[in-house]
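A.B. asks: Got a sequence here, can you build the structure:
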Amino acid sequence: MTKKSTMISLIGLFILYSVFIIVQSFEHADGYLSSDSAHYLQLATNILEGNGFTTTDLIPEESAYFATWPVGYSILISGVSFVSGFGVFVSSKLVNIMILGLCFLLIYLLFKEKAFFVSIVFTISTCTEIFSYTWSEVPFLFGMLWLVYGMIRYYETEKSSYAVQLSLASLCLFLMRYIGLIGAGMVGLLGFYYLFQKKWKPMLVCWISGSIPILLAGGYLWNNLQQTGNATGMERIPRPETTAEFFDMLWNGIVVEWNLLSISSEVYVWWSASLVLATFLMFVRWSSIKALFSKELPGKRYVPLFFLFAGTIYFIAIVGMRWTSQFDPFNFRLLGPATFMFALALVSWFVQTEGIHWVRWRRFLLALFAMTVVMNIGLSTYQAVTSNDTDYMDTRRTVLATYQEIPSDSIVAMENIHARYLRPDLQYIKVHFKPYFKEKESVEAFLDRVTPNKAEGVYVEHKALSPHRYHESFVQLMEENSAHFIRLE
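C.D. replies: Next comes the predicted model:
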């Protein structure tokens with residue numbers, strides 16, 4: 001492809017992808033928001049109202065400082081909302097779209113005329129799902145790509161301007177997710193490469209570039225500790241799974257990541273594998289596979305290695321963290337950044353070839369691209385538009401109407417996730433439940449924890465609860481009351 005046709009193709013894919021994100025978000029009942037998303041939007045609203053990083057605080061003994069997640073993503077959302085005038089929900093989707101554009105720009109800067117073929121990675125199911133959600137994983141993926149871009153360019157040129165980018169990319173990763181501190185570690189490991197090469201200046205530059213975000217992250221975590229009593233905002237508890245259960249969960253998560261057409265282990269798994277195998281056998285020959293390992297491979301052989309390096313470090317880090325503490329199970333959200341890096345490593349390896357070998361790999365990539373675009377973007381958009389199910393605006397109106405009965409400056413537990421950013425004047429307290437907390441919290445213990453307070457009232461939103469997760473007193477409370485909100489005395 002020529003430079004012009006590459007740019008046109010990338011812009012076309014960007015427009016198609018952007019429409020997909022907007023349609024998915026508005027047609028989905030929850031707007032592609034999760035509980036975490038609601039917290040990001042709550043903080044973004046709080047920032048816009050000039051209240052900083054502490055949300056509505058009615059309990060002297062319970063910190064409302066935002067520390068369970070880093071503040072970076074919420075700052076981006078509030079910034080876009082402030083400039084554009086849109087609400088935080090729309091602004092979060094605009095942030096994702098802008099980040100997608102930045103990702104395409106970095107892909108173009110790295111691969112030039114072959115950039116469009118590398119962009120196929122963004123159309124696999126893991127990426128289309130992540131970019132639809134209001135999740136900090138979206139800028140985190142950009143941060144990973146930026147970091148690899150910076151490492152490749154520094155490796156090629158040893159210019160100090162790319163060392164600055166390494167520091168900024170590492171800091172970006174940390175401000176999106178705490179595990180992003182691995183970015184600074186990767187820069188430090190690049191410094192060790194130069195140490196073994198006895199190249200002292202780039203060694204020191206890398207170590208300094210990696211040390212700066214580590215020091216800033218240390219100050220950030222220390223402030224969290226002072227504000228909340230925990231460096232990451234909440235007590236981390238050991239994993240509940242046995243060793244066998246843990247690795248079974250990990251294996252299932254990895255298998256799902258190989259499914260290019262769905263984030264489910266039960267939908268399109270064999271279709272996806274069969275279609276990939278069929279297109280591979282149709283377009284690729286043994287000589288083209290051998291060309292990938294040839295010493296005469298004309299492209300930059302180190303480019304795929306940098307992506308492989310970043311993906312491996314992330315994978316080891318996330319598995320290690322999940323081994324030592326309880327949080328989400330292994331799924332496309334946790335494993336997505338590793339999948340993203342591994343996929344880029346593979347595709348960037350294919351595009352190093354030239355001649356007839358590149359023709360074959362290009363046809364293979366275009367066939368995969370057609371398959372993933374049709375299924376993950378085209379079909380998903382069609383199904384969303386033609387569905388008669390409740391959409392996001394319906395949900396928003398329902399939540400606003402339901403919460404009218406709750407007076408301002410009240411405490412609410414078991415809340416609808418959308419209330420967090422639609423009613424920022426309330427304080428939302430999470431009832432302790434298994435497996436995310438050590439013990440199931442009783443109604444009495446919950447009231448003790450939120451007392452004394454300055455609230456107009458303490459309410460629990462009615463919902464069905466599992467006795468395996470919640471204390472029996474809360475389960476009984478829900479069974480004995482039919483009101484939408486239960487006031488606790």
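A.B. asks: show me where pLDDT drops low in this protein?
C.D. replies: Applying pLDDT under 70 to the chain flags no residue at all.
A.B. asks: So what touches stretch 227-241?
C.D. replies: If you take C-beta atoms under 8 Å, 6 or more residues apart in numbering as the criterion, stretch 227-241 is touched by 63, 65-69, 178, 221-222, 224-225, 246, 249, 322-327, 434-438. Any C-beta I mention is one placed from the backbone N, CA and C, and that applies to glycine too.
A.B. asks: brain fart, stretch 198-217
C.D. replies: Residues from elsewhere that reach stretch 198-217 (C-beta under 8 Å, 6+ apart): 154, 158, 160, 163-164, 166-167, 170-171, 174, 181, 183-188, 190-192, 194-195.
A.B. asks: Just those residues: which are in strands?
C.D. replies: Among those, no member is found in strands (DSSP state E).
A.B. asks: filter the contacts of stretch 227-241 to the buried ones?
C.D. replies: Burial by neighbour count, judged by 16 or more other C-beta atoms under 10 Å, picks out 63, 65-67, 69, 178, 221, 224, 246, 249, 322, 326, 434, 436-437 from the contacts of stretch 227-241.
A.B. asks: In helices, which of the contacts of stretch 198-217 appear?
C.D. replies: Using DSSP state H, the subset of those located in helices is 154, 160, 163-164, 166-167, 170-171, 174, 183-188, 190-192, 194-195.
A.B. asks: Filter those residues down to the buried ones.
C.D. replies: Buried among the ones in helices among the contacts of stretch 198-217 (16+ other C-beta under 10 Å): 154, 163, 166-167, 170-171, 174, 183-184, 186-188, 190-191, 194.
A.B. asks: Max pairwise distance over these: which two?
C.D. replies: Spanning the widest gap among those are Phe174 and Tyr194, at 23.1 Å by C-beta to C-beta.
A.B. asks: Specify the local secondary structure of Arg487.
C.D. replies: Under DSSP: H, G, I helix; E, B strand; the rest coil, Arg487 falls in the strand class.
A.B. asks: Residues in a beta bridge with it, which ones?
C.D. replies: Under DSSP bridges, the beta-bridge partners of Arg487 are Tyr459.
A.B. asks: Pull the number of nearby residues for it.
C.D. replies: A total of 12 residues lie near Arg487 under the criterion other C-beta atoms under 10 Å.
A.B. asks: wait, isn't it in contact with Tyr459?
C.D. replies: Yes: counting by C-beta atoms under 8 Å, Tyr459 is a contact partner of Arg487 at 5.5 Å.
A.B. asks: Leaving out chain neighbours, which residue sits closest to Leu141?
C.D. replies: Leaving out its chain neighbours, the residue that sits closest to Leu141 by C-beta to C-beta, 6 or more residues apart in numbering is Phe340, at 5.5 Å.
A.B. asks: Where does that neighbour fall, secondary structure wise?
C.D. replies: Under the criterion of DSSP states H and E, Phe340 resides in helix 332-350.
A.B. asks: tell me what the following helix or strand past that helix is packed against?
C.D. replies: Using DSSP H and E, the next helix or strand after helix 332-350 towards the C-terminus is helix 355-372. With contacts defined as 3 or more C-beta pairs under 8 Å, 6 or more residues apart in numbering; DSSP states H and E, helix 355-372 has these neighbours: helix 115-118, helix 269-283, helix 286-292, helix 332-350.
A.B. asks: Now do helix 355-372: everything it contacts.
C.D. replies: Under the contact criterion C-beta under 8 Å, 6+ apart, helix 355-372 has outside partners 117, 120, 123-125, 260-261, 275-276, 279-280, 282-285, 287-288, 291, 347, 350-351, 353.
A.B. asks: Buried among these? Make that a PyMOL selection.
C.D. replies: The PyMOL command for the buried members of the contacts of helix 355-372 (criterion: 16+ other C-beta under 10 Å) is given here:
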select buried, resi 117+120+123+124+125+260+261+275+276+279+283+284+288+291+347+350+351+353
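A.B. asks: give the contact list for Ala464.
C.D. replies: By C-beta under 8 Å, 6+ apart, the contact list for Ala464 reads Met478.
A.B. asks: What distance do you get for it to Met414?
C.D. replies: In this view, Ala464 and Met414 are 10 Å apart by C-beta to C-beta, to the nearest Å.
A.B. asks: how many neighbours does Ala273 have?
C.D. replies: Applying other C-beta under 10 Å, I find that Ala273 has 14 neighbouring residues.
A.B. asks: Many thanks, have a good one.
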